[in-house]
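In: The sequence isn't on hand, but the structure is:
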């Protein structure tokens, strides 16, 4: 099979799978947006906490993909599946703990992000119910990582497609049919998430039986999986801190900018995961090539996928620019929120080629097991972004002085996305520098 066909075989299903979570939020945003600006702003705060709670453990997918694909490259199918089983047990334990903590601390967490009054009430309601879906979200991450490492991106696609379809039907029925409001959206989403988790676990059990892999938790290996994932945890914590800091700035700008940021950031997430599909192929192919000791194949695949990432970013940016005048109407009837969403989408569109570089290289380095470098680089990038975000929040009153509320909201959202795009540009430059050398290319079944 040619390299391009192999990339497409992995990337196309991965793309459709990865956009499932932002599609969940897009559907929630569209359904909840018609309940009013307060509910939409509450969803913005709650989803930021929820995605952070799940997102910091994304190493369950990315780290597992790298470990499993290296075992596949080294010719050990049983070892690959057992490594994935260890990651899944880790996901079950972490998911239960994180779900309980998130539900218990929902009020303070939403208040910390700047939600007040009715917005705070809506955010807490959504977050407390949605916390029950966190164990399922982490199991889905781990099981998906196993299957990607086994070079199978089609099975997670089936699970994601069924989950997304169920989520829309359930949310419409519960929010607008039974009039449960934002609580109905949360209930519908967790039912869909648990359905996905159960389905993927069934596939993993069947794969383990076919390879003779043990399903019992091995404390030493589970601990090793946790320690091996620690650098990626640090990397992800730094990235989530950047995103939470951006939400904090948006909350300080008012309810309309916050609601607009919720929608525009969900669209950005959709675009990011579309680009990350190429990064998923990069993880699987890089890990497999380095596990087999083939540095040349790893380098060639990296060059091809990097070109694809930039090209995809250009195409996605052009599409967003083409639809940005009409897209906001899908999410809210409020003219001020619509205008602010449109202003943010223009900046998001222009930044897509930059995102293409950043996310593809990120995937290559994860597949190579270069977690320690990724961790320290992201901590440094966070340190660089903090003064940018603080300066924007401090300068907002001056920037918006004399503007009517609708124009002020659009201008504030535009500046918010300019600041975040500056962070992404810096990230792309740093990652590009790393990939030009050879220090990240370490061969063997384990790094």
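Out: Arrived safely. Predicted, not measured: the structure shown is a model, and the values here were computed from it. Numbering: from 1, shown residues only.

In: what sits against the closest residue to residue 335 other than its chain neighbours?
Out: Among residues not flanking residue 335 along the chain, residue 406 sits closest, at 6.9 Å (CB to CB, 6 or more residues apart in numbering). To be clear about C-beta, it is placed using only N, CA and C from the backbone, and glycine gets the same treatment. The contact partners of residue 406, taken as CB atoms under 8 Å, 6 or more residues apart in numbering, are 256, 335, 336, 339, 340.

In: May I ask which of these has the most neighbours?
Out: residue 340 (33 neighbours; other CB atoms under 10 Å).

In: quick one: it and residue 256 touch, right?
Out: Yes. The pair residue 340 / residue 256 is scored as a contact, 6.1 Å apart, by CB atoms under 8 Å.

In: Quick check: neighbours shared by the two?
Out: Shared contacts of residue 340 and residue 256, defined by CB under 8 Å, 6+ apart, comprise 406, 409.

In: Can you name the helix or strand that residue 186 falls in?
Out: Secondary structure assignment for residue 186, by DSSP states H and E: helix 181-211.

In: mean confidence for that helix?
Out: The average of the pLDDT scores along helix 181-211 is 89.

In: from the chain's centre, how far out does it sit?
Out: Averaging C-alpha coordinates over helix 181-211 and over its chain gives two centres that are 18 Å apart (CA atoms, centre = their mean, to the nearest Å).

In: And for stretch 314-323?
Out: The gap between where stretch 314-323 is centred and where its chain is centred comes out at 20 Å by CA atoms, centre = their mean.

In: cool, stretch 256-268 as well?
Out: Relative to the chain's own centre, stretch 256-268 is displaced by 15 Å; criterion: CA atoms, centre = their mean.

In: Check the model's average confidence along that stretch for me.
Out: Stretch 256-268 carries an average pLDDT of 86.

In: Can you tell me what sits against that stretch?
Out: 22, 25-26, 29, 33, 37, 40-41, 43-45, 47, 114, 119, 243, 246-247, 250-251, 320, 327-328, 331-332, 334, 336-337, 340-341, 343-345, 348, 405-406, 409, 412-413, 416-417.

In: On the three-state scheme, residue 333 is what?
Out: Reducing the assignment to helix, strand or coil with DSSP: H, G, I helix; E, B strand; the rest coil, the entry for residue 333 is coil.

In: Mark which of the contacts of stretch 256-268 are buried, thanks.
Out: Buried subset of these (neighbour count, 16 or more other CB atoms under 10 Å): 22, 25-26, 29, 33, 37, 40-41, 43-45, 47, 114, 119, 243, 246-247, 250-251, 320, 327-328, 331-332, 334, 336-337, 340-341, 343-345, 348, 406, 409, 412-413, 416-417.

In: Only the buried residues of stretch 401-408, if you could.
Out: Neighbour-count burial for stretch 401-408, with 16+ other CB under 10 Å as criterion, is recorded at 406, 408.

In: From residue 41, how far off is the closest residue in space to residue 35 that isn't next to it in sequence?
Out: The spatial neighbour of residue 35 that comes closest, neighbours along the chain excluded (CB to CB, 6+ apart), is residue 181 at 6.2 Å. Shown here: residue 181 relative to residue 41, a distance of 14 Å by CB to CB, to the nearest Å.

In: how near is residue 120 to residue 261?
Out: In this structure, residue 120 lies at 17 Å from residue 261, with CB to CB as the measure.

In: Looking at these two, which is more packed in?
Out: Counted by other CB under 10 Å, residue 120 and residue 261 do not tie: residue 261 has more neighbours, with 30 against 20.

In: in what helix or strand does that one lie?
Out: Residue-wise, residue 261 maps onto helix 255-291 under DSSP H and E.

In: Please apply the same query to residue 415.
Out: Taking DSSP H and E as the definition, residue 415 sits inside helix 405-436.

In: If you count neighbours, what's buried in that helix?
Out: The neighbour-count criterion (16+ other CB under 10 Å) identifies 406, 408-417, 419-421, 423-424, 426-428, 430-431, 434-435 as the buried residues of helix 405-436.

In: now that helix against helix 255-291, angle please.
Out: With axes from the mean of the first three to the mean of the last three CA atoms, to 10 degrees as the criterion, the two stretches helix 405-436 and helix 255-291 enclose an angle of 10 degrees.

In: I'd say residue 293 and residue 443 touch.
Out: Yes. Look at residue 293 against residue 443 with CB under 8 Å: they come within range, at 4.3 Å.

In: neighbour count winner among the two?
Out: More neighbours sit around residue 443 than around the other of residue 293 and residue 443, counting by other CB under 10 Å; the figures are 17 against 13.

In: helices or strands up against the very next helix or strand once past the helix holding residue 261?
Out: Once the chain leaves helix 255-291, the next helix or strand it forms, by DSSP H and E, is helix 295-323. Counting contacts by 3 or more CB pairs under 8 Å, 6 or more residues apart in numbering; DSSP states H and E, the secondary-structure elements packed against helix 295-323 are helix 3-18, helix 255-291, helix 335-350, helix 352-367.

In: Just the element for residue 179, please.
Out: With secondary structure defined by DSSP H and E, residue 179 is part of neither a helix nor a strand.

In: Just give the number of residues close to it.
Out: As a burial measure, residue 179 scores 9 neighbours (other CB under 10 Å).

In: Against residue 35, how distant is it?
Out: For residue 179, the distance to residue 35 under the criterion CB to CB works out to 10 Å.

In: Pull the distance from stretch 270-277 to the chain's centre.
Out: When distances are taken as CA atoms, centre = their mean, stretch 270-277 is centred 9 Å away from the chain's centroid.

In: hang on, I meant stretch 147-165
Out: Between the centre of stretch 147-165 and the centre of its host chain there is 16 Å, according to CA atoms, centre = their mean.

In: tell me the mean pLDDT over that stretch?
Out: Looking at stretch 147-165 alone, the average pLDDT works out to 82.

In: Flag every buried residue along that stretch.
Out: Of the residues in stretch 147-165, those buried under the neighbour-count criterion (16+ other CB under 10 Å) are 147-153, 155-161, 163-164.

In: Check whether residue 339 really touches residue 411, as I assumed.
Out: No. Because the distance of 10.1 Å does not satisfy CB under 8 Å, residue 339 is recorded as not touching residue 411.

In: The spatially closest residue to residue 418 that is not a sequence neighbour: what's it in contact with?
Out: Spatial nearest neighbour of residue 418, excluding adjacent residues (CB to CB, 6+ apart): residue 347 at 5.7 Å. With contacts defined as CB under 8 Å, 6+ apart, residue 347 is in contact with 414, 417, 418, 421.

In: gap between residue 347 and residue 45?
Out: Applying CB to CB, one obtains 22 Å for the distance of residue 347 from residue 45.

In: cool, and residue 185?
Out: As it turns out, when the distance is counted by CB to CB, residue 185 lies 14 Å from residue 45.

In: swap in residue 368?
Out: When CB to CB is the yardstick, residue 368 and residue 45 sit 36 Å from each other.

In: residues near residue 314, how many?
Out: 13.

In: same check, this time on the one 10 residues further on
Out: Around residue 324 there are 19 other residues, counting by other CB under 10 Å.
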